[in-house]
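Visitor: Just to be clear, the model below is a prediction. Sequence and coordinates:
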Amino acid sequence: QVQLVESGGGLVQAGGSLRVSCAASGYTFRYAMAWFRQAPGKEREFVAAITWNGGRTLYADSVKGRFTISRDNTKNTVYLQMISLKPEDTAVYFCAANPLAMPSVPTMKSLWNYWGQGTQVTVSS
């Protein structure tokens, strides 16, 4: 059974940086991993995804150039480094996993099999 636990969220000022982490238990070595986020009153939206070996990454247009997804398979951990944060980045950030190399449509929530409980990121203006 795969379990995902996010950490590293917090309060940061606009323009600041933050790194959130997702620790996975169970066999996730070959899994694609992703980050989604959900702001109050909004749908959960795709942020970034990474293949099992880190060879391919995808980003939502809204975070391109500011966020970087990475993974350390020796630690079963995926990271999301966020810089130049904006108030509109405020959301609960969720980690997701899929046993395929990468879902056919990575932005679709329903194609990700496992989810963490989320970590809150708040960006103040």
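Guide: Now that the structure is in, tell me what you want to look at.

Visitor: Just give me the residue closest to the centre of this protein.
Guide: Trp35 (2.0 Å; CA atoms, centre = their mean).

Visitor: May I ask which helix or strand encompasses it?
Guide: Counting by DSSP states H and E, the element that carries Trp35 is strand 32-38.

Visitor: still on that earlier bit, show me what contacts the nearest residue in space to the residue nearest to the centre of the chain that is not next to it in sequence?
Guide: In this structure, Trp35 finds its nearest non-sequential neighbour in Val47, 4.3 Å apart by CB to CB, 6 or more residues apart in numbering. In this view, the C-beta of every residue, glycine as well, is placed from N, C-alpha and C. Shown in contact with Val47 (CB atoms under 8 Å, 6 or more residues apart in numbering): Ala34, Trp35, Phe36, Arg37, Tyr59, Ala60, Val63, Phe67, Ile69, Leu80, Tyr93.

Visitor: So which residues of the protein form strands?
Guide: In the chain, the segments counted as strands under DSSP state E are 3-7, 10-13, 18-25, 32-38, 45-50, 57-59, 67-72, 77-82, 91-98, 114-115, 119-124.

Visitor: Report the mean per-residue pLDDT for stretch 77-87.
Guide: Per-residue pLDDT values over stretch 77-87 give a mean of 98.

Visitor: Buried ones in that stretch, by neighbour count?
Guide: Thr77, Val78, Tyr79, Leu80, Met82, Leu85 (16 or more other CB atoms under 10 Å).

Visitor: How about the fourth one: which residues does it bridge to?
Guide: Spelled out, it's Leu80. Beta-bridge pairing of Leu80 under DSSP bridges involves Val20, Ile69.
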